[in-house]
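*Asks:* This is a predicted model, with the sequence first.
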Amino acid sequence: MTTTEARTTFSTVYDRTPAVVASAPGRVNLVGGHTDYNEGLVLPIAVDLRIAVAAAPREDGRFRLRSTDFAGEVVVDGLPDEPLHGEDRSWANYSLGVLGELDGGLARLDGGLDLLVAGDVPRGAGLSSSAALEVATAAAAYGVGGEAGNDLDSAREELPRRELAEAGWRAETGFVGLDCGIMDQYASALCRAGEALFLDCRSRETEAVPFDGESAYRVVVVDTRVEHELAESAYNDRVAECRDATERFDRLVGGVDSLRDVDRDAFVAHADDLPGTLRRRVRHVVTENERVRTSVEALRDGDFDAVGARMYESHASLRDDYEVSCRELDAVVDIARGTEGVVGARMTGGGFGGSVVALVSSHAVDDFRARVDRGYPDRVDVDAEPRTFVCTSADGVRLDRSA
């Protein structure tokens, strides 16, 4: 649906047919919260909510960008060296940053591009709409200005997915300026339907893990539609705290380049050498990496109850040790705990708002959604009602001919 919308809207606003349409999914992270920028372990799946980018080449060096979510058009002559400012223009930075990363490498874009963005990944819900936009833009640009332009049928299956994901990550950390990990872009690029992605954020090694219980269990995302003002600053604070803890551990034991290098034994031995706040941050990262490993083993065994238990543990750790939850997220997780058939739930994304991901027995989905609709307003004082998405695992980035 999103590719059709992008294609038809492109034709309407630019009065020509796009050369390619690429789409990339949002993601939920089953376990592995805030471990990615600590070079740790994560276990995301892509979901069947996508961002699509339709593209066609130009010859005058100009880049025109439109989105169905924003009014007006963003136009730049040549790729900018600095991000654009203003709410009506800043959304385009995710695409412009990626184009700058690809130009002269995976793609030649000196002639310019027309781009049209459409999709159904909700913004601000913790499902990484930004990574989906970055990866879809990268694939579209590759399709127009790279090797894929010569053989799109082949490129559909042979996209340089890792390179596209890396370009998206460099754009977000460099051009956009968010000090994030690699998980979101890798999930959007590499995931496959029926699989979770076990990702080592240090080595970039990946393993496809069967997620084949979707006839018995569904992934339900509850968007609280709340995003507190402190979210971005608190995220940056956590990154800084982890760097501080890394430096302290390196001085204590040596050979510590990130919190990934701290195991349980080292943490227990030196926990009292850390200030209380840093002790809690490190404990979360150490135990969360362990939860990812045990969840991978559980998925291999088809033990969804064990995965769900790790999800509840992960949320408690994110709430108490990492302190990135909020009462709205906690309320949804509490409702999940009290609903028969919900085997696990946790916040997903950066925190302080956004969404909860729940693993729900198929027969309990309707009951869980009804309980959220009834119980959530009684627990929190918010005007917006939560949105619920029943998701299916999905393939990563795709590239198709327009015709």
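*Replies:* That came through, no problem.

*Asks:* what's the next secondary structure element after the longest helix along the chain?
*Replies:* Criterion DSSP state H: the longest helix present in the chain is helix 276-300. Remark: after helix 276-300, the chain's next helix or strand is helix 304-320, criterion DSSP states H and E.

*Asks:* what's the angle between that following helix and helix 276-300?
*Replies:* Angle between the axes of helix 304-320 and helix 276-300 is 170 degrees (criterion: axes from the mean of the first three to the mean of the last three Cα atoms, to 10 degrees).

*Asks:* just checking, what packs against helix 304-320?
*Replies:* In terms of contacts (3 or more Cβ pairs under 8 Å, 6 or more residues apart in numbering; DSSP states H and E), helix 304-320 is packed against strand 20-31, helix 276-300, helix 327-337, strand 342-348, strand 353-361. Yep, even glycine has a C-beta here, placed from its N, CA and C like the rest.

*Asks:* what about 10 Å?
*Replies:* strand 20-31, strand 217-227, helix 276-300, helix 327-337, strand 342-348, strand 353-361 (3 or more Cβ pairs under 10 Å, 6 or more residues apart in numbering; DSSP states H and E).

*Asks:* looking at those, which is closest to Asp263?
*Replies:* helix 276-300 (6.8 Å; Cβ to Cβ).

*Asks:* List the buried residues in the closest one.
*Replies:* 278-286, 288-292, 294-296, 298-299 (16 or more other Cβ atoms under 10 Å).

*Asks:* swap in stretch 55-72?
*Replies:* Quick answer for stretch 55-72 (16+ other Cβ under 10 Å): Ala55, Ala56, Pro57, Phe63, Arg64, Leu65, Arg66, Ser67, Phe70.

*Asks:* Report the mean per-residue pLDDT for the longest strand seen in the chain.
*Replies:* Counting by DSSP state E, the longest strand found in the chain is strand 41-57. Strand 41-57 shows a mean pLDDT of 97.

*Asks:* quick one: least confident helix or strand in the protein?
*Replies:* helix 152-158 (a mean of 52; mean pLDDT, DSSP states H and E).

*Asks:* and the next element down the chain from the longest strand of the chain?
*Replies:* Following strand 41-57 in sequence, per DSSP H and E, is strand 62-67.

*Asks:* which stretches of this protein aren't confidently modelled?
*Replies:* 1, 147-157, 228-231, 402-403 (pLDDT under 70).

*Asks:* Domain ranges for it, per the record?
*Replies:* 2-27+46-190+394-401, 217-391 (automatic domain parsing).

*Asks:* May I have the distance across the first one, first residue to last?
*Replies:* Across domain 2-27+46-190+394-401, the terminal residues are separated by 14 Å (Cα to Cα, to the nearest Å).

*Asks:* dump the residue contacts of Pro83.
*Replies:* Arg89, Ser90, Ala92, Asn93, Tyr94, Leu96, Gly97, Gly174, Phe175, Val176, Gly177 (Cβ atoms under 10 Å, 6 or more residues apart in numbering).

*Asks:* switch to 6 Å and redo it
*Replies:* Asn93, Phe175 (Cβ atoms under 6 Å, 6 or more residues apart in numbering).

*Asks:* Please report how far it lies from Gly33.
*Replies:* 27 Å (Cβ to Cβ, to the nearest Å).
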